[in-house]
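>>> My questions are about this predicted structure, shown below with the sequence.
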Amino acid sequence: MPPRRHLPGRFLALGTFQPPGGPERPVRAYVPSVVDASRPHALLILLDGQNVFGDHGSFAGGWHAHDAVDHLVASTLEPPILVAVDNGGTHRLTELGRDVRLFTHALAHDLLPRLERRFHLRGPAGRAVGGASLGGLAALYAAFDHPEAFGAALAMSPSLWFGRRCLPRRLAHAEVTVPAGVRVYLDAGARERGRMFADAADLAAWLGRHGLPPADLLWRPDQRGAHHEKHWRRRLPKALRFLFRREALGPAAR
């Protein structure tokens, strides 16, 4: 049987976002055709927004995330409203690295309230932050530090090496805690440099030992994956299917 046809969604410009110490950058949204303003919908904020949609303007080819979201329309999963936040260019290493907790605080307390005013959103369980590399690291901080805002992280090839493995050390010393009920999608490619793959595998094992049940944690080792947009684009659909299962999103109304 051929797949059920559906109407494409629409792209929206949502102004700009400026984290502390960083430049203004555009924020864009993709709203699936099934979104109904009368009922709440899931949300996914993706970082490094230049790479989220098409190839034009991307670093090494876009993720075409809107196509992946549209494939959820004909499924039993809920396609999220997709919000892409561009990075800060030359400020990227600082804002997603050294100042990552300032950046994620701004996501939770500046950008998210604006999105709540614009869209009818589910509660925190239905809101995720995602990214790759330093964006994946920032997604983990966002979900761990701000459970009142976000209930899930999509972390592809996260840069756990940053700051001499600062996030794993903070977790081990309870300087960062893992909230109850948080969902984490975590992956890495075996062909990535250094300890990227090993660090991600270690984090997945640590999260499993410290309370994240299999229903809330998906560790996805990619034996042919490298640190590249095309591999993150390939892995994105499965990440969406894990994070946006309707039973995991919380009540449909608030």
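Nice, thanks for sending it over.

>>> To what extent is Glu116 buried, counted in neighbours?
13 (other CB atoms under 10 Å). Quick note: C-beta positions are derived from backbone N, CA and C, even for glycine.

>>> who's in contact with the helix or strand in which it is found?
According to DSSP states H and E, Glu116 maps onto helix 112-118. If you take CB atoms under 8 Å, 6 or more residues apart in numbering as the criterion, helix 112-118 is touched by 14-15, 43, 45, 83, 121, 127, 149-150.

>>> Just the buried residues of these.
Among the contacts of helix 112-118, the ones that count as buried by 16 or more other CB atoms under 10 Å are 14, 43, 45, 83, 121, 127, 149-150.

>>> just how off-centre is stretch 207-218 within its chain?
18 Å (CA atoms, centre = their mean, to the nearest Å).

>>> same thing with stretch 177-187?
In terms of CA atoms, centre = their mean, the centre of stretch 177-187 is set 12 Å apart from its chain centre.

>>> Determine how far the last residue of that stretch lies from the first.
Length of stretch 177-187, first residue to last, CA to CA, to the nearest Å: 20 Å.

>>> Just the buried residues of that stretch, please?
In stretch 177-187, counting by 16+ other CB under 10 Å, buried: 178, 182-187.

>>> From these, which land in strands?
183-187 (DSSP state E).

>>> Out of these, flag the one nearest to Ala155.
Leu186 (5.1 Å; CB to CB).

>>> Where do the helices of the stretch 1-150 of the chain begin and end?
Per DSSP state H, counting those that start in this stretch, the stretch 1-150 of the chain carries helices over the ranges 65-70, 92-93, 100-106, 112-118, 134-145.

>>> check contacts around the residue nearest to Gln18 when sequence neighbours are not counted.
Spatial nearest neighbour of Gln18, chain neighbours left out: Glu24 (4.5 Å); criterion: CB to CB, 6 or more residues apart in numbering. Residues near Glu24 by CB under 8 Å, 6+ apart: 16-18.

>>> are any of these buried, and which?
Using 16+ other CB under 10 Å, the buried ones in the contacts of Glu24 are Phe17.

>>> Let me have the contacts of Glu24 in a markdown table, extended by distance to Glu229 and pLDDT.
Compiled in a markdown table, the contacts of Glu24 are given as follows (distance: CB to CB, whole Å; pLDDT from 0 to 100):
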| residue | distance to Glu229 | pLDDT |
| --- | --- | --- |
| Thr16 | 24 | 98 |
| Phe17 | 22 | 98 |
| Gln18 | 25 | 97 |
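
>>> ok, so of the contacts of Glu24, who is nearest Ala132?
Phe17 (18.8 Å).

>>> In stretch 107-116, which residues are buried?
Buried-residue list, stretch 107-116, by 16+ other CB under 10 Å: 107-108, 111-112, 115.

>>> just stretch 26-35 next, same as before
27-32, 35.

>>> That concludes my questions; thank you for your assistance.
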